[in-house]
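Colleague: give me the fold of what follows.
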Amino acid sequence: MIKLREKGFTLVEIMIVVAIIAILSAIAIPNFMAARSKSRANACKANLRQIESAVEQYAMDATKVDGDSVTMSSLSPTYIKKTPSCPSAGNYGDSSSYDIGTAETGLTGPVNTFAVGGTPWCSIGSGAAAGGYPHVQYE
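Modeller: Numbers count the residues shown, from 1 in each chain. Below is the predicted model:
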């Protein structure tokens, strides 16, 4: 009698494939998370550049001087098509209302209020005390 060999994968072969997939995942997932974080930071920087540019244009048109406050409602839709939102769900404000010690909110002043000649900031990742990193600032 001729024995037919059953076709299929052995347990060892399946375990090797699973181990290879696990190793590749261990390498790829941290890289993906870092790229995602960097992408959010770059998007936030772009928003801050647009806000600063809009504040300066508004200040020239409305004859504002350094230190005058400008709200987002003054900028939108004339100087910015729509109010930018932080990709990490943070709040935008001015550097004069930014407090590194306040890790949860970062901004101590009114949100979406900017000073002419000031530097816009984002509240996400602001405090080293919270284990965060100093968030993006347009330079």
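Colleague: can you give me the distance of the residue lying closest to residue 117 once chain neighbours are set aside to residue 59?
Modeller: Excluding its sequence neighbours, the residue lying closest to residue 117 (CB to CB, 6 or more residues apart in numbering) is residue 66, at 3.5 Å. Bear in mind the C-beta positions are built from the backbone N, C-alpha and C, glycine included. Note on residue 66: its distance to residue 59, by CB to CB, to the nearest Å, is 8 Å.
Colleague: contacting residues around stretch 52-65?
Modeller: Residues from elsewhere that reach stretch 52-65 (CB atoms under 8 Å, 6 or more residues apart in numbering): 68, 70, 74-75, 78-80, 114, 116-120, 138.
Colleague: quick one: the helices in the protein, in order.
Modeller: Ranges of helices in the chain, per DSSP state H, are 11-61, 72-75.
Colleague: which of the ones you listed comes out lowest on mean pLDDT?
Modeller: Among these, helix 72-75 carries the lowest mean pLDDT, at a mean of 86.
Colleague: got the buried residues for that one?
Modeller: For helix 72-75, a neighbour-count test (16 or more other CB atoms under 10 Å) marks 72, 74, 75 as buried.
Colleague: now do the closest residue to the first one other than its chain neighbours: how many residues are near it, please.
Modeller: So the one you mean is residue 72. Leaving aside its chain neighbours, residue 72 sits nearest to residue 112 (3.8 Å; criterion: CB to CB, 6+ apart). Look at residue 112: counted by other CB atoms under 10 Å, it has 20 neighbours.
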